[in-house]
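Asks: okay, here's the prediction I keep looking at, along with the sequence it came from:
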Amino acid sequence: MDTYFPATSLAYLELFRQHFPAQHFAYFRGYVWALAMLGSTRKCMTNIARTCVFVERHLASWERFLAEAQWDLRGVSQTLVTQLLQQLGTSLYLWDALLAAVDTTLIPKVRGQMPGVQKWHDHSGDPARGESLVGHHWALIGLVSAWGVGYLCWPVLARLLPGQLNPLGFVAGPEGVHRLDFWAVVVALVRELQLYVGNRPLRVVADAYFSKASFLNPLLAEGITVISRLRKDAVGWDDPAPVAGKRPRGRPRKKGRRWKLATLVRTEPLTELTVTIYGKQKRVQVVWREVWLRDVTCKVRVVVIATAGAPILLVSTDLTLPPAGIIELYAARFPLELTLRDLKQYLGLGDYQCQSLLAIHRFVHLALTAFCLWRLTLLQDQGAPWLTAEHATPAGELTPLGFQRLHRALRRLVLQRIFASSAPGADSQKIEVSDEQVFRIAV
């Protein structure tokens, strides 16, 4: 079995052995290997079991591995985060703190016995998908690291979001029992990552949907700062003006002057800053102000960026972070969008067909784990022979950390090692045979 893996990936996989019974660790390794070998092929359990011929188990055994086997998913996530912190080191610290990107994604599913499936409003803007989508709504969080002049996102945790029509759980507290809601799940996701990173400083970056008191206040209480974007019609308030002399009758004012934040670029002097966005230095004109937002428990720093069209409004709950840092850190959330695309296309994020919540969550987290482990392998083995034997496609150069490159290189490695043992001297480049035929012959 080990001959099918690059040596670097074997070392990473071995770190997770402690979280699995001895008879189940082979399933974990086979699962991670199959996700890369299948490329863009659908990652259903049938294809995974068929590909992993070195794990001689029936399809039902693979399904029980997800739905019934006693292994520690939480421990897997903890080990994954720990390894990312060790392997990536200082590249994870952006403006002196870890940066976690949060976003949500929709997965089409058919109503039936699968829990949590309902109709969701589709914000993608894709006319082919329509205004709504029936399926699952997932929240994902990943650590962002610097890479060259850009950034990479490393997805580590995901949670299925509850809907109004199909609740997934309940919370019992001093105020009674109530259903899980969207914000409770997302905030818990951030708190779990904070638990895994320990006492390291953590910032969260998210898009405009998350710039609400329901998300900001719980994280402020935990000491976690947030960078997000505001709506173009957002308003803010100054501190109340000090009262000179005798205080007037009535309740003291809690807010001062009200600002329509987008108008600050017209009423306040602009400052020109040089910022690095998507690997390029750009000069932007901005104005910033510390204000109170509606229902938020502390003051925030709002940066308004002048553009040819409507101004862009960014917000940070960290008042010590300079405007240039707020702009650069918000731009650093974009790799999460690319990560979601790769997870769906190459790692089978939405290919699960399970009917239990445990199996569904395990399926998705194994996809996240495989994503991070194979990307770590690509980073470490950039000059390794198994990866550099083939560089380009007919369309052009392969992306250095792309999963298409990984799929082709790993497939080539497996074919070479199979024929090296069964047919010494054979040229695997000239043998036209499907992967499945080769695997069946080798077995």
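Replies: Great, that's in hand.

Asks: now do the SS call for residue 370.
Replies: Per DSSP: H, G, I helix; E, B strand; the rest coil, the local secondary structure of residue 370 is helix.

Asks: measure how buried it is and give me the count.
Replies: Here the count is done by other C-beta atoms under 10 Å, and residue 370 has 25 residues near it. (Glycine included, C-beta is placed from N, CA and C.)

Asks: what sits against it?
Replies: Residues in contact with residue 370 (C-beta atoms under 8 Å, 6 or more residues apart in numbering) are 31, 32, 35, 36, 347.

Asks: does residue 59 touch residue 47 like I think?
Replies: No: when contacts are counted by C-beta atoms under 8 Å, residue 59 is not listed as touching residue 47 (10.3 Å).

Asks: more crowded one of the two?
Replies: Between residue 59 and residue 47, counting by other C-beta under 10 Å, residue 47 is the more crowded of the two (17 against 12).

Asks: report all helices and strands that the host helix or strand of that one contacts.
Replies: Here residue 47 sits within helix 45-51, counting by DSSP states H and E. Applying 3 or more C-beta pairs under 8 Å, 6 or more residues apart in numbering; DSSP states H and E, we find helix 45-51 packed against helix 25-37, helix 59-67, helix 435-442.

Asks: tell me the backbone dihedrals of residue 354, please.
Replies: phi -80, psi 160 (degrees, to the nearest 10).

Asks: count of residues packed around it?
Replies: For residue 354, the neighbour count with other C-beta under 10 Å is 19.

Asks: per-residue confidence at it?
Replies: Note on residue 354: pLDDT of 89.

Asks: looking at the helices and strands packed on helix 45-51, which is closest to residue 129?
Replies: helix 25-37 (25.3 Å; C-beta to C-beta).

Asks: state the mean pLDDT of the closest one.
Replies: pLDDT averaged over helix 25-37 gives 93.

Asks: pLDDT weak spots in the stretch 201-350 of the chain?
Replies: Counting by pLDDT under 70, the stretch 201-350 of the chain contains low-confidence ranges at 243-252.

Asks: rewinding a little: ok, so of the contacts of residue 370, who is nearest residue 237?
Replies: Proximity to residue 237 was ranked across the contacts of residue 370 by C-beta to C-beta; first place goes to residue 347, at 45.2 Å.

Asks: quick one: contacts for the nearest residue to the closest one once chain neighbours are set aside?
Replies: In space, and not counting its chain neighbours, residue 347 is closest to residue 367: 4.4 Å by C-beta to C-beta, 6 or more residues apart in numbering. Contacts of residue 367 were listed using C-beta under 8 Å, 6+ apart, and they are 35, 43, 343, 347, 348, 349.
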